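K.L.:
What shape does this take:
(chains A and B)
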Amino acid sequence: MAMIDSLRVESLGMGYGDTPVLEAVSFSVRAGTHTAILGPSGSGKSTLLRLLAGLEAPTAGEVWLNGKLASRAGSTLIAPHARAVSMVFQDLALWPNLTALGNVELGLAALKLDRESRRERARDALRVCGLEGLEERRPAMLSMGQQQRVALARALAVRPTWLLLDEPFASLDLVLKERLFDELGTLSKEFACTLILVTHEPADARHLCSELVVLELGRVLEAGTWDQVLHEPRSQIVTIYRRLLRERPNA
Amino acid sequence: MSTAFLAALLRGMTSAVAVALVSFLIGLPTGLAIALHEFPLRRLLAFAIGVGLVLPSFLMAIGLSMLAGGHLPGWIGTAWSLLPIGFALVVFATFAATSNITGSQIAAARLAGGERVVLQESARAAWPVAALAATFAGILALSDAGPGLVFGYPGAAAEILTSFSAQYDFRQASRQCLVLTGVVAALALPCAAMLAPRLAHGLLARDTSSARATGTKWKGAEASVVLSVVFVVLGLPLTGLLFPLLRDFPIMRALADTGRTASYTLIYALSAGVIATALGFALAICARHSQRVQALLLTGLLILLALPPAFTALGWVQLATIAPEELDWLMRGGPLLALHSGLRSLPVATLFALRAVNSASPGWYAAAELHGVRPVSFMRKVLIPWAAPALWTSAGAVALLSLTDITSALLLHPPGRGTISLTILSVMANAPEAYVATLCLVYLVASLCVVALGTRIVRPWL
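P.N.:
Just a heads-up that it's a prediction; the model follows:
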């Protein structure tokens, strides 16, 4: 059975004032895959993710989700919470005065579940993410790794079709990062969601994703599977990434 | 305009210039010391300076006049009584501007040339904000009627009160008020326009690590100098209140009289606190997206804060004369005083609210939007609990500030329902000194309790 394009971006543009952040960005992501959006700092990766989530409207181009037009220039046609998109933010964005359970429960607000079902689902998500027994702790009372898991539990609890990760593991040590990547791979399969990871670390992208989109200065330089992109680099940045991956494959 | 009023305006200007100059000269080094160095009693002294912001200037004036008798020239007594507010504004403006310099920037300066370079560079960064704060303090002094009345050196604000309350000449009071408002607005507009963007940029959303030097060799001397300055500015006037008490201490009579006005005082003050805090929070939420909108909002609010209280109070009095009978409960009753005081203190409440709202991560809003959390739920469950310490402190600060404004209370209070400040003001000319001093002491202790409680609430949040 041929894979369908789950997410499609066409000629997407975005800018703040006179400063362009993204220009004519086009790529597609197939359902069930893990795709990395890789690029140096300031290349527009996080902005692209916010456009996919519907948190901002593009200044040009279109975003298609499962064949439906979700955003077009100047307007968001499908509201963020109606897109079946979840996101783990760079700073995790955990609400500080709510417990771990409260964070996940409030994250289910859009699903119109009754109180009991909502609580049950939140507990399930926390259990799956290895946080059983820590439900009543607030973010400040959790370690960084546990906070990452709460953010992940909040994102997974809504059973999203697309899970967007905005460099959520940038501040973690290598061991914890590796462990979380492994768990993330398993969980995304268990929850059957398409995963899009934004990162500037080629090793992270290689570890978790089978496909990648390389972004620099707001433009897509290359896109495809790792083999396709690394085999014959057409840009300087991909050449650097290839060298880094050879020299420090686990960095 | 009469020559008497022009002379009063000139007297007010003299006090205002003195307040601005002295506040800047002593406030800038004090603010730098508190921001950059750890020394004994540092926190306590910072707290004492903060108390100066919420104590009425007429209380200082009464204390000073009791201390110095008739030996103090009027302009010095008036300026000295107004100094605690100006001094505190400059110290905290300097502190905020200096805190805006990152820990690593200070460490780099320290490595380059020791404390001398740190102080030099910090002073260079902080002095424009400190100068603006001092100018603003001078402008606020122009609108304050209290100390001038106590020292027989009435400025324009005091003349307006006399025209309205003693001569019952509303037209003359209105004309004088318009002139004073024009002067104040002309001075406040450029000052607010320059100060507001700095506030919006620096004070409201800073995220820097502290790099306070803990082991400077002059920390003992530094503590002594700051302590002396705080004592001269704040301690001496308050000490003056104690002298008459050595002869007599009519505490029971003072408590009984305070008790009679306590309920009205509390109702006015707390209502003003709630009104200002609620409106300030709403404004902060609306302005949170854009620093430019925040700067514009702050400019407007700073001008509002600088306007003479008599200007808006007389406006309400005029409105009350044409308002329909059904609105008498509002326009001729206590609620009007609470509303007026709340609106006047809106700038203070908005600053607290903006600080709290800006310190919330933008990711919290984005996560709420992504998960379809309704705005009401988000406010109730996330934003209000997060901002609660700031909102409580704001309500307390506004409540205390509203009591310091005797002009509004005098012009708008319903007959027989005065506040404790009005009681002090009305008895200070004729009652025995010991009784006036005891009343002031009761007020002072109550204010300190509120400030201490507010500090306790807000500490975990800072």
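
K.L.:
only C-alpha atoms for contact and neighbour calcs from this point on.
P.N.:
Fine.

K.L.:
Geometrically speaking, which residue is the centre of chain A?
P.N.:
In chain A, the residue lying closest to the centroid (Cα atoms, centre = their mean) is A:L164, at 1.9 Å.

K.L.:
Help me confirm that that one is found in a helix?
P.N.:
No: looking at A:L164 with DSSP: H, G, I helix; E, B strand; the rest coil, it is strand, so not inside a helix.

K.L.:
hey, what's it bridged with?
P.N.:
Beta-bridge pairing for A:L164 (DSSP bridges): A:M87, A:I196.

K.L.:
Now do the contacts for it.
P.N.:
A:49, A:85-88, A:195-198 (Cα atoms under 8 Å, 6 or more residues apart in numbering or on different chains).

K.L.:
10 Å instead?
P.N.:
Residues near A:L164 by Cα atoms under 10 Å, 6 or more residues apart in numbering or on different chains: A:35-36, A:49-50, A:52-53, A:85-89, A:155, A:193-198.

K.L.:
what does B:T438 give?
P.N.:
Contacts of B:T438 were listed using Cα under 10 Å, 6+ apart, and they are B:241-242, B:244-245, B:248-255, B:424, B:444.

K.L.:
Now for the residues you listed: which two are most distant?
P.N.:
The largest separation in the contacts of B:T438, counting by Cα to Cα, is between B:D248 and B:L444 at 18.1 Å.

K.L.:
Who has more neighbours out of the two?
P.N.:
B:L444 (17 against 14; other Cα atoms under 10 Å in any protein chain shown).

K.L.:
Skipping its backbone neighbours, what lies nearest that one in space?
P.N.:
B:L55 (7.5 Å; Cα to Cα, 6 or more residues apart in numbering or on different chains).

K.L.:
mind showing which ranges of the stretch 1-150 of chain B have poor pLDDT?
P.N.:
B:1 (pLDDT under 70).

K.L.:
ugh, typo on my part, it should be chain A
P.N.:
Along chain A, the model assigns pLDDT under 70 to residues A:1-5, A:248-251.

K.L.:
which stretches of it form strands?
P.N.:
Using DSSP state E, the strands found in chain A span residues A:5-16, A:19-30, A:34-38, A:60-65, A:68-72, A:75-76, A:85-88, A:162-166, A:194-199, A:211-216, A:219-225.

K.L.:
could you list every residue that touches the closest residue to B:M428 other than its chain neighbours?
P.N.:
Closest residue to B:M428 apart from its sequence neighbours, by Cα to Cα, 6+ apart: B:V436 at 5.9 Å. Residues near B:V436 by Cα under 10 Å, 6+ apart: B:59, B:62-63, B:241, B:244-245, B:250, B:254, B:423-430.

K.L.:
Model confidence for B:V436, exactly?
P.N.:
Looking at B:V436, its pLDDT reads 90.

K.L.:
Tell me which residues touch the residue in chain B sticking out farthest from the centre, please.
P.N.:
Distance from the C-alpha centroid of chain B peaks at B:H371, with 41.4 Å (Cα atoms, centre = their mean). Residues counted as contacts of B:H371 (Cα under 10 Å, 6+ apart) are A:80-87, A:104, A:106-111, A:154-155, A:158, B:365.

K.L.:
Okay, and which of these map to helices?
P.N.:
Among the contacts of B:H371, the residues falling in helices (DSSP state H) are A:104, A:106, A:154-155, B:365.

K.L.:
Dump these to a markdown table, plus neighbour count.
P.N.:
Formatted as a markdown table, those follow (neighbours: other Cα atoms under 10 Å in any protein chain shown):
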| residue | neighbour count |
| --- | --- |
| A:V104 | 31 |
| A:L106 | 24 |
| A:R154 | 30 |
| A:A155 | 27 |
| B:Y365 | 19 |
